[in-house]
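Novice: got a predicted model here, sequence first, then my questions.
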2 protein chains.
Amino acid sequence: MKTLRVPEATVTRLSIYSRFLERLDRNGVTSVSSGEIAEGVGVSPAQVRKDLAYFGEFGTRGVGYNVKDLMHYTMKILNLTQPWPMALAGAGNLGTALCTYRNFRERGFAIVGVFDNDLTKIGKRIEDLTVQPLEEMPQVIKQRGIRIGIIAVPTRAAQEVADLMVRNHLKAILNFAPIALNVPEDVMIRNVDLSVSLEVLTFNLKYRGTYESEE
Amino acid sequence: MKTLRVPEATVTRLSIYSRFLERLDRNGVTSVSSGEIAEGVGVSPAQVRKDLAYFGEFGTRGVGYNVKDLMHYTMKILNLTQPWPMALAGAGNLGTALCTYRNFRERGFAIVGVFDNDLTKIGKRIEDLTVQPLEEMPQVIKQRGIRIGIIAVPTRAAQEVADLMVRNHLKAILNFAPIALNVPEDVMIRNVDLSVSLEVLTFNLKYRGTYESEE
DNA sequence: CGCCTAAAGTTATATATTTCACATATTTTA
DNA sequence: TAAAATATGTGAAATATATAACTTTAGGCG
């Protein structure tokens, strides 16, 4: 059994391949080549093969990959064979949208607890959930076996919420606040920063990836 | 005038530095070192200096950077000296949340038109906006000088909306649909894929960035 | 006024990632 | 059943990115 480091970009693409395969499967496609996957998700065929090679051999030379099999392999690698209940902090517009976000469920993710400290939001119903006070998060995390937290609170409250999540042993946090959260080494943070994405666009609208220094 | 290619990761970090500087400035901090910026956003000091070096010399050796100056420089580089009106397609929960998203405005971004084809959504008011039929997007883009589009429609409708945006000369699209959009070379797409972010987390919850092949 | 310290800017090194090219395996076909 | 076509898996080369080490410059202080 050998352990090897997998580039994060590879994991990201694996997730993309996985969903693409799911779509192929839904459409009744049974076999696919690295070239077709590449075409479908916008990378090179060699990249697809190299990425998959980190995890094993899943194809048949001269033939390609079995869609259903490869889909299952990718989901297993991504740890999606179990459902993932999640705790959401922040019941504003963004939080509400996340609660109803269909793409989560399709992949086994489900927000099972929504928490906020704003008295005007506590008690609000969002589909089949009710916004609870933040202080109730610990017991819900325990009861539901939650391992992933989502932070959708205002920037000024984000660190405090992160601390609370860390104290309650969450090791994975999806953070929408535009701030670098301070957490222990063993806690993973993924930042979703929409302004950053837009600013990469505005930069490129001007320079298209190059920069012309004055003079 | 020499032109040099800037890594996308550098542009991403520049945006992060920029907002961090904005926060320092708001807090009355006037001077900062690469080490403090690094600490504040979670990268190495060398990385900060290297990133800035792509664009010029902004600091004083032995002293550091003037916060206000560097903030302005970064914003100028990122093309944020002008406001950026944006067109949003999709007035569901996510679209609604984006309309009210405060972090956009702070950086000069503003959704000035919301469009949808769902008759139950057209006419709906979201703050000071009214949801319009998609077919009206072209004229609004023209009138308001919009250059950035946001796609927050269901996956099945995303490509069609992208085509519409491309036809109307938008060159930058922020896409929330979990699908690879097909657009001409000169159109930039940034995908925000929340499931992908979560799946990177679930992968790491199991393997922490390494993979142990069976046997 | 010169020495010392701090920190930016820069060059060189190391690491990581992607691309390329090819060897290998499978199926099809003549 | 041999040859051709196809497409995977992989090692080597090329490229890109990040880290580290070093050089330069500014300011403080004795």
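Specialist: Sure, I can see it. None of these values were measured; they are calculated from a predicted model. Numbering: from 1, shown residues only, chains lettered A, B, ... in the order given.
Novice: from here on, contacts and neighbour counts on C-alpha atoms
Specialist: Noted.
Novice: which parts of stretch A:195-203 are buried?
Specialist: Residues A:S195, A:V196, A:S197, A:L198, A:E199, A:V200, A:L201, A:T202, A:F203 are the ones in stretch A:195-203 that count as buried (16 or more other Cα atoms under 10 Å in any protein chain shown).
Novice: wait, I meant stretch A:151-165
Specialist: Buried-residue list, stretch A:151-165, by 16+ other Cα under 10 Å: A:I151, A:A152, A:V153, A:A158, A:Q159, A:V161, A:A162, A:D163, A:L164, A:M165.
Novice: can it be found next to chain B?
Specialist: No - Stretch A:151-165 does not reach chain B (Cα under 8 Å from any Cα of the partner chain); its nearest approach is 9.3 Å.
Novice: can you spell out which helices and strands pack onto the helix or strand that contains A:V161?
Specialist: Using DSSP states H and E, A:V161 falls within helix A:155-167. Taking 3 or more Cα pairs under 8 Å, 6 or more residues apart in numbering or on different chains; DSSP states H and E as contact, the helices and strands that helix A:155-167 lies on are strand A:148-151.
Novice: just to revisit the earlier point, residues touching the helix holding A:V161, excluding its own?
Specialist: If you take Cα atoms under 8 Å, 6 or more residues apart in numbering or on different chains as the criterion, helix A:155-167 is touched by A:A89, A:G149, A:I151, A:A152, A:I173, A:A177, A:P178, A:I179, A:L181, A:N182, A:V183, A:V187.
Novice: report the buried members of those.
Specialist: Buried among those (16+ other Cα under 10 Å): A:A89, A:G149, A:I151, A:A152, A:I173, A:A177, A:P178, A:I179, A:L181, A:V183.
Novice: helix/strand/coil for the residue lying closest to A:I189 once chain neighbours are set aside?
Specialist: Once flanking residues are discounted, A:I189 sits nearest to A:I173: 4.9 Å by Cα to Cα, 6 or more residues apart in numbering or on different chains. Three-state assignment for A:I173 (DSSP: H, G, I helix; E, B strand; the rest coil): strand.
Novice: in the sheet, who's paired with A:I173?
Specialist: Here A:I173 shows beta-bridge partners A:G149, A:I189, assigned using DSSP bridges.
Novice: so it touches A:R190, yeah?
Specialist: Yes - applying Cα atoms under 8 Å, one finds A:I173 in contact with A:R190, separated by 6.3 Å.
Novice: now for those two: what residues contact both?
Specialist: By Cα under 8 Å, 6+ apart, A:I173 and A:R190 have these common neighbours: B:L201.
Novice: any regions of chain A where pLDDT drops low?
Specialist: A:1-3, A:209, A:213-215 (pLDDT under 70).
Novice: what's the single longest strand in it?
Specialist: Of all the segments of type strand in chain A, defined by DSSP state E, the longest one is strand A:109-116.
Novice: that strand pairs with which strands?
Specialist: Here, using DSSP bridges, strand A:109-116 pairs with strand A:84-89 (parallel), strand A:129-133 (parallel).
Novice: follow-up on the earlier one: name all residues that make contact with the residue nearest to A:I189.
Specialist: A:I148, A:G149, A:I150, A:I151, A:A162, A:V187, A:M188, A:I189, A:R190, B:L201.
Novice: if we can go back for a sec, what does the longest strand of chain A rub up against?
Specialist: A:83-91, A:99, A:104, A:122, A:129-134, A:136-137, A:140.
Novice: returning to what we had before: now, among the buried residues of stretch A:195-203, which is nearest to chain B?
Specialist: For those, the residue nearest chain B by Cα to the nearest Cα is A:F203; the value is 4.6 Å.
Novice: so the closest one sits against B:I77, correct?
Specialist: Yes - between A:F203 and B:I77 there is a contact at 6.9 Å, judged by Cα under 8 Å.
Novice: what parts of chain A come near DNA strand D?
Specialist: For chain A, the residues in contact with DNA strand D (Cα under 7 Å from any atom of the strand) are A:32-35, A:45-46, A:49-50, A:52-53, A:56-65.
Novice: list only buried entries from these.
Specialist: The neighbour-count criterion (16+ other Cα under 10 Å) marks A:V32, A:S33, A:S34, A:G35, A:P45, A:R49, A:L52, A:F58, A:G59, A:Y65 among these as buried.
Novice: and the residue lying closest to the third one once chain neighbours are set aside, what does it touch?
Specialist: For A:S34, ignoring the flanking residues on the chain, the nearest one in space by Cα to Cα, 6+ apart is A:P45 at 5.1 Å. Going by Cα under 8 Å, 6+ apart, A:P45 touches A:S34, A:G35, A:E36, A:I37, A:A38, A:E39.
Novice: leaving out the residues flanking it, which one is nearest to the third one?
Specialist: What that stands for is A:E36. A:P45 (7.9 Å).
Novice: A:M86 - how many residues pack around it?
Specialist: 23 (other Cα atoms under 10 Å in any protein chain shown).
Novice: the contacts of helix A:155-167 into JSON lines, with extra columns for distance to B:G95?
Specialist: Formatted as JSON lines, the contacts of helix A:155-167 follow (distance: Cα to Cα, whole Å):
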{"residue": "A:A89", "distance to B:G95": "20"}
{"residue": "A:G149", "distance to B:G95": "22"}
{"residue": "A:I151", "distance to B:G95": "19"}
{"residue": "A:A152", "distance to B:G95": "16"}
{"residue": "A:I173", "distance to B:G95": "23"}
{"residue": "A:A177", "distance to B:G95": "18"}
{"residue": "A:P178", "distance to B:G95": "19"}
{"residue": "A:I179", "distance to B:G95": "23"}
{"residue": "A:L181", "distance to B:G95": "26"}
{"residue": "A:N182", "distance to B:G95": "30"}
{"residue": "A:V183", "distance to B:G95": "31"}
{"residue": "A:V187", "distance to B:G95": "30"}
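Novice: from start to finish, how long is stretch A:183-193 in a straight line?
Specialist: End-to-end span of stretch A:183-193 (Cα to Cα, to the nearest Å): 18 Å.
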